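Participant: Sequence and predicted structure, then a few things I'm wondering about:
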Amino acid sequence: MKTQGMSQQLQALREMNGREAYGLFMEQGTGKTWTLLADAERLFAAGKIDAALVIAPKGVHTNWVRREIPTHMDAPLIARAWKSGAGKKDMAKIDEIMKPREDGEPVQLRILAINIDALNTEAGFHYARRFLNATKAMLIIDESSRIKNPDAARTKSLMRLQPFAPYRRIATGTPITKAPMDVFAQMEFLESGLLGTTSYRAFVAEYADLISSQHPMMAKMAMRNPRAAHAQIVARNPDGTPRWRNLEKLQKLLQPHTFRVLKKDCLDLPEKIYQQVYFDLSPAQLKAYEMLRDELRVDVPDSGVMTVSALAALVKLQQVTSGFVLAAGNVTYVGKQNPRLAALVDCTADVEGKIIVWARFKEELRAIAQAFTDEGMKVVEYHGDVNDKMREIAVDTFQNGDADVFVGQPQSGGIGLTLTAAETVIYYSNDFNLETRLQSEDRAHRIGTRRNVVYVDLIATDTIDESIALALQRKSDLAATVLGDIRAII
């Protein structure tokens, strides 16, 4: 390797040495990408592999090829990133990785990085399968929590590819974001039966306290639909949280096959500092919020009052706290004031250094970018409406010092990026996804961070914002228990 590994990375290499299947549960920012590349280079030098197939979230897969591999790897290699819908010119460039080695040519490590969702397409899946058939490869899943659902199409696609890779690695800092069951498919990808069973139903029954089939609720469900009699429904505690069990047993089963490291244990990084900024809804927002919460109705100009489902109301309640609501395909603004936007501008007025602002909705992103632009600040954006080329430029511009504010959606930019130029990270809005939250936090808090990073949550008083914050904390506590970050409290 061109670069020297840190102590936790070298320890991880020692732990997985000689293992055909292994998981790196390394917290974001502790260097799991370097560790995987060093492992691949070691296996290549030993003649055990001649290729690596990297499956990663969109955008992260290109980061492997554009930044990580050139920066760290020293072995002779050729690396290409799959591009969905590639034209003839781009496809010819990608196909160079499949070119047979000519007599006398040096052996090169071939690395193909592909977006995990491309495996749901016929072209992407067959190209990955063709690559594995033509090589002796290590198959790496970066951010493996993306395959926690055994029934998801991408999980099934990866399970079909698994037998063709003699070496398999998974890597994520957030293997559990909702429930203990999140680890089942990830570990099954490594090797079937590592957790004591190949049955997902049996796994659920072992680690969840399930409602009895004799429970009146189950009987009613079975009367409506006989198939529901076989449903597995997790019982709840008095406070509404799910009831889990045998978590210490699960931790012991995971331990021999995974390496867990936290930033606080291995990096000389400044502490994260958390702050919450509360604001009150405007009278118009409060009226709309209460109607939506209590009556599941929303007033849409030119369309009248519309009813919405309880599930849709959860999203729209959050939108109302940001001064708008999306209904009937149109954006309706709630009142003339936007207290959330005012709170953002106010709390950044005296901030020194660069700022990251994460927001859930596109309407919020537009408002944020315009507000900072009006303040005379240079803004770059990273979200679903920004193409891949401009996303790369946005990251480089922010990191190189030519932009003051990075505005993004955590779902698009919260994984795999390095944004250590920031000293302040503001969550304009959150969702219930713990992985999204933790990943986006660590874009600014990782190797290369030299100053304290301040994380600010904007919270509308007495609204769904507070429920989201509590849910994220509970999920974080559960993951820490299963992974051994804290002592289990049963």
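Facilitator: Okay, I see it.
Participant: Regarding G323, what are the backbone dihedral angles?
Facilitator: Note on G323: backbone dihedrals following degrees, to the nearest 10 are phi 90, psi 10.
Participant: how many neighbours does it have?
Facilitator: 24 (other CB atoms under 10 Å). Where you see a C-beta, it was placed from the backbone N, CA and C, and this is true even at glycine.
Participant: thought it was touching L281?
Facilitator: No - contact criterion CB atoms under 8 Å: G323 and L281 do not qualify, at 9.1 Å.
Participant: mind giving me the domain ranges of the chain?
Facilitator: The record's domain parsing of the chain by automatic domain parsing lists 7-205+244-265, 209-239, 270-282+338-482.
Participant: Next, format those domains as JSON lines and append mean neighbour count, mean pLDDT and distance to V300.
Facilitator: Listed next are these as JSON lines, based on neighbours: other CB atoms under 10 Å; pLDDT from 0 to 100; distance: least, CB to CB, whole Å:
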{"stretch": "domain 7-205+244-265", "mean neighbour count": "18", "mean pLDDT": "93", "distance to V300": "33"}
{"stretch": "domain 209-239", "mean neighbour count": "12", "mean pLDDT": "77", "distance to V300": "34"}
{"stretch": "domain 270-282+338-482", "mean neighbour count": "19", "mean pLDDT": "88", "distance to V300": "15"}
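Participant: for those, which one sits closest to T332?
Facilitator: Closest to T332 of these is domain 270-282+338-482 (CB to CB; 10.3 Å).
Participant: quick one: N330 and Q319, what's the gap?
Facilitator: 12 Å (CB to CB, to the nearest Å).
Participant: The two: which has the busier surroundings?
Facilitator: Q319 (23 against 11).
Participant: now the helix or strand containing the more buried one: mean pLDDT?
Facilitator: Per DSSP states H and E, Q319 falls inside helix 310-321. Across helix 310-321, pLDDT averages out at 90.
Participant: which helices and strands does that helix pack with?
Facilitator: Counting contacts by 3 or more CB pairs under 8 Å, 6 or more residues apart in numbering; DSSP states H and E, helix 310-321 is packed against helix 283-295, strand 324-327, helix 464-482.
Participant: residues contacting the nearest residue to V300 once chain neighbours are set aside?
Facilitator: Of all residues not flanking V300 in the chain, A327 sits nearest, at 4.8 Å (CB to CB, 6 or more residues apart in numbering). Shown in contact with A327 (CB atoms under 8 Å, 6 or more residues apart in numbering): V298, V300, S303, M306, V308, K316.
Participant: Scan those and report the most crowded one.
Facilitator: Most surrounded of those: other CB under 10 Å gives V298, at 25 neighbours.
Participant: Now the terminal residues of stretch 316-327, how far apart.
Facilitator: Taking CA to CA, to the nearest Å, stretch 316-327 runs 9 Å from one end to the other.
Participant: And the nearest residue to A137 once chain neighbours are set aside, how far from I78?
Facilitator: Nearest non-adjacent residue to A137, counting by CB to CB, 6+ apart: A51, 4.0 Å away. A51 sits 10 Å away from I78 when distances are taken as CB to CB.
Participant: Understood, closing this out.
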